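Q: Sequence first, predicted model second:
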There are 2 protein chains.
Amino acid sequence: MRECDELIRFSERFCNKDFINKVVGVSSMETIVEMSKKGIKPEWLGEIAEYEKVELDMLIRLISRGEVVIPRNVLRNEDFSPRAIGRLMKTKVNANIGTSDDYINVDEEIEKAIVAQKYGADAVMDLSTGGNLDEIRKKIMRVVNIPFGTVPIYQAAKNCRKVVDMDEDDFFRVVERQAKDGVDFMTIHAGVNWNSIERLRKSKRLLGVVSRGGAITIGWMLHNQKENPYYENFDYLLEILREFDVTISLGDAFRPGCIDDASDRVKFTEFILLGELVERCREAGVQAMVEGPGHVPLDEIETSVKAMKYVTRNAPLYLLGPLVTDIAAGYDHISAAIGAAIAGMSGADFICYVTPSEHLALPTVEDVREGVIAARISAHAADLVREGQRENARKVDYELSLARKNLDWERQFSLSIDPEKAREIWNRRKSSSDACSMCGELCAIKLVKEAFDKN
Amino acid sequence: MRECDELIRFSERFCNKDFINKVVGVSSMETIVEMSKKGIKPEWLGEIAEYEKVELDMLIRLISRGEVVIPRNVLRNEDFSPRAIGRLMKTKVNANIGTSDDYINVDEEIEKAIVAQKYGADAVMDLSTGGNLDEIRKKIMRVVNIPFGTVPIYQAAKNCRKVVDMDEDDFFRVVERQAKDGVDFMTIHAGVNWNSIERLRKSKRLLGVVSRGGAITIGWMLHNQKENPYYENFDYLLEILREFDVTISLGDAFRPGCIDDASDRVKFTEFILLGELVERCREAGVQAMVEGPGHVPLDEIETSVKAMKYVTRNAPLYLLGPLVTDIAAGYDHISAAIGAAIAGMSGADFICYVTPSEHLALPTVEDVREGVIAARISAHAADLVREGQRENARKVDYELSLARKNLDWERQFSLSIDPEKAREIWNRRKSSSDACSMCGELCAIKLVKEAFDKN
């Protein structure tokens, strides 16, 4: 699709979708939920079931119940590599990239997208807010073939001189434009309304709102004294999304931005509103995920995750972090990896990476690699104990440890989460023995093996 | 003490300890448990209580019950900065350094020790097995003033041509020699005996034994068909340790080396043996900690930690990792940080760092920094929810988040876990606004503050 979006744009005006489908080779214009309900099983759905090692019928049931989503714009063709997110599926990882006003280097963002996919991200979100946003988005979409997400309100806000100058139509116009470009999932902060703002006012939050999309929405509402258009006209929003089968990711505008704000009434208010909106998405046949906090102390993560799962009736849960302390600037990928692993063990389905630059700067390409790997470690650690994936995940660790036992280094590298990095460290100080330079001849594995063999 | 060990050695031969005490300025030759039981309160103990923000009397009670240890060789003087490890205390971090046969660079090990202390390690263990071990140990002890630990059996093994050639006396001779050098705590694998080896034989472990000290002991036992001297002559061992008030860290020879081996019967057998030995340490007035696994899946960590706390009646728990997956070679500091945070939340007291080089090579100086910081993130995250430390720890996060709200970057850096790193990343791409280059003018904190201020 990516090479032929001009054709799509043109044909949209004159043709029905079946015709477009034929012309541009799109596999199907039916939404995934529609197909699941009708029992249609496109080939790629079978491939997903195989990848996830679940029964196809089970996958279809979960999709039609809204417990699994497959972010996949209806305009995608067979080049695309979709992912299933939700119950019983492997825990997935997203990488955020994109420019800001302060730093616009499109080539670097493209490289980040490539690196993110190379190191195992299951999705990429373009959060650009600087430069020509349409162009940047299209360029990035051209280099990756995994689910691609955006936060449309960023573009809406950037199109105006001042954020508060947007009119209601601007909110929807960008959604439509990006949907037509083939975006697979969009974060939309529809849970911001006068009710949640009232709860925010009554709270004693230290850091208030740390979600950019949430902040834009709140700023706009307060200035214009109008309800959040995404909330007020949610049905209209769903119509647009449904047309392109865009998965909505219900944004957590009120995620706590520090440990002191964690698990407060504002956050739970938003959970409830998002739960209501999930129901409406399901009724409208729009795939929906829900986004979660933020900064959460270790012992509150499980409750957060489970509460969100309860009130959304098992909507796929997409988590940023959570960060388990506020003081790890420079190492927030580690703070987030801790939180994400516990969240994953508690039921989170989709982990948004955090890079070492979080809270400080736009990430570098190397940061993207570090962030993706850290999130993948959490995801895999969670899969080792996750319903439906436990057996599959453990096979990998078993195989690696078998190679470790046999001191088979090449096989260890190939099964490692980042083979290049593992080999690089090992090569740095090659051991004179067949063990590694950490223990040399005093390798425990060797010693005991020899002792038992002899005795 | 460090500058005058020659004097001590000389005077030991001719003087009683009270005399040495006067000559070399050692503050007291009484053990900490003795002092606690007698109600003697040396000044440094008051300083520890202040640092930990606990009542001095409470600290003394915990020490005399063996729920807190203060590794501090009786030969230490006032230059030494002791740490309390155990219930209600801050979670502590240890950094392992040391040579191997494959790589002997004493200057680098010295630098690692300095870096470990600089970045916040509470203790350093010298695990050297290559080069002149006495010399290396003394050199490292000269550059750090935090608790210093060793695994004496490494030196005993290195002193012989073959590990199995050691005689029983060798096991104790090194303990005494290192105690006289001022070592504060020693890992001793006294829980290896014919019973635990029998359990190992009956198990179906994939990786068997991955503890070096454990492997040496088992190898020696099998070859010589003799009981582990540390187990068989445990009272004699305690006599030596008690004389110098060396804290014993009961080593986990049978810690699982992979996810597949986690939480098996062998491990629980060792827990029980270590619990018995803890009681004997307490009876003998020797401070004791217990070491724990290893590789453990996310959902088994809490049980592991609590079981160890139960069977040892709250002995301070010293954990390596645990690693939550086997496949993160190159990033095992992250895998360990995840495990350590959950372990800390569940009651672990002392975290041994893991570096990115784990399983692959001896760590570099930079690896040591990364490892220490990762472990400190886990320790602090645990302290945020830890009985006795919760309030203290949360103040730091509150202050940092307040600075974040005020966009006060200098204060954010100074409160961060690694101020240099945080400043370096921020400076990399300075924002044109007072926010950071991640969001620039679209900073959520700024947007909402302005909106609320105006409305």
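A: Received, thanks. Numbers count the residues shown, from 1 in each chain, chains lettered A, B, ... in the order given.
Q: What score does the closest residue to A:M58 other than its chain neighbours have for pLDDT?
A: Of all residues not flanking A:M58 in the chain, A:L88 sits nearest, at 7.2 Å (CB to CB, 6 or more residues apart in numbering or on different chains). Every residue, glycine included, has its C-beta placed from N, CA and C. A:L88 is assigned a pLDDT of 98 by the prediction.
Q: Tell me which residues touch A:D264, please.
A: Counting by CB atoms under 8 Å, 6 or more residues apart in numbering or on different chains, A:D264 touches A:S203, A:R205, A:P256.
Q: A:V183 too?
A: A:N73, A:R137, A:M141, A:F148, A:G149, A:T150, A:V246.
Q: how close does the residue nearest to A:G285 when sequence neighbours are not counted get to A:E243?
A: Leaving aside its chain neighbours, A:G285 sits nearest to A:V33 (4.6 Å; criterion: CB to CB, 6+ apart). According to CB to CB, to the nearest Å, A:V33 and A:E243 sit 13 Å apart.
Q: For those two, indicate the residue with more neighbours.
A: A:V33 (22 against 16; other CB atoms under 10 Å in any protein chain shown).
Q: export the contacts of A:V183 to a markdown table and tack on neighbour count, distance to chain B and pLDDT?
A: Formatted as a markdown table, the contacts of A:V183 follow (neighbours: other CB atoms under 10 Å in any protein chain shown; distance: CB to the nearest CB, whole Å; pLDDT from 0 to 100):
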| residue | neighbour count | distance to chain B | pLDDT |
| --- | --- | --- | --- |
| A:N73 | 25 | 26 | 97 |
| A:R137 | 22 | 17 | 97 |
| A:M141 | 22 | 22 | 97 |
| A:F148 | 27 | 20 | 98 |
| A:G149 | 24 | 18 | 98 |
| A:T150 | 29 | 14 | 98 |
| A:V246 | 32 | 23 | 98 |
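Q: Among those residues, which lie within helices?
A: A:R137, A:M141 (DSSP state H).
Q: List the contacts of stretch A:170-180.
A: Under CB under 8 Å, 6+ apart, the answer for stretch A:170-180 is A:5, A:8-9, A:12, A:73, A:75, A:134, A:137, A:150, A:152-153, A:155-156, A:159-160, A:186, A:188, A:229-230, A:233, A:236-237, A:240-241, A:243-244, A:246.
Q: hang on, the earlier thing: right, and the residue nearest to A:M58 touches A:K53 too?
A: No: A:L88 lies out of contact with A:K53 (CB atoms under 8 Å); the separation is 9.6 Å.
Q: who has more neighbours, these two?
A: A:L88 (19 against 14).
Q: where does chain A have low pLDDT?
A: Across chain A, the ranges flagged by pLDDT under 70 are A:1-28, A:432, A:435-441, A:455.
Q: That one - how does it break down into domains?
A: Chain A breaks down into these domains under automatic domain parsing: A:4-69, A:86-390, A:420-454.
Q: Pick the most deeply packed of the ones you listed.
A: Compared across the domains of chain A, domain A:86-390 shows the largest average neighbour count, a mean of 23 (mean count of other CB atoms under 10 Å in any protein chain shown).
Q: So what's the gap between it and the chain middle?
A: On the basis of CA atoms, centre = their mean, to the nearest Å, domain A:86-390 sits 7 Å off its chain's mean C-alpha point.
Q: Residues of the stretch 151-300 of chain A that sit close to chain B?
A: A:154, A:157, A:163, A:206-212, A:214-216, A:218-219, A:222-223, A:257-260, A:297-299 (CB under 8 Å from any CB of the partner chain).
Q: Would you agree A:A113 is in contact with A:V143?
A: Yes: the pair A:A113 / A:V143 is scored as a contact, 5.5 Å apart, by CB under 8 Å.
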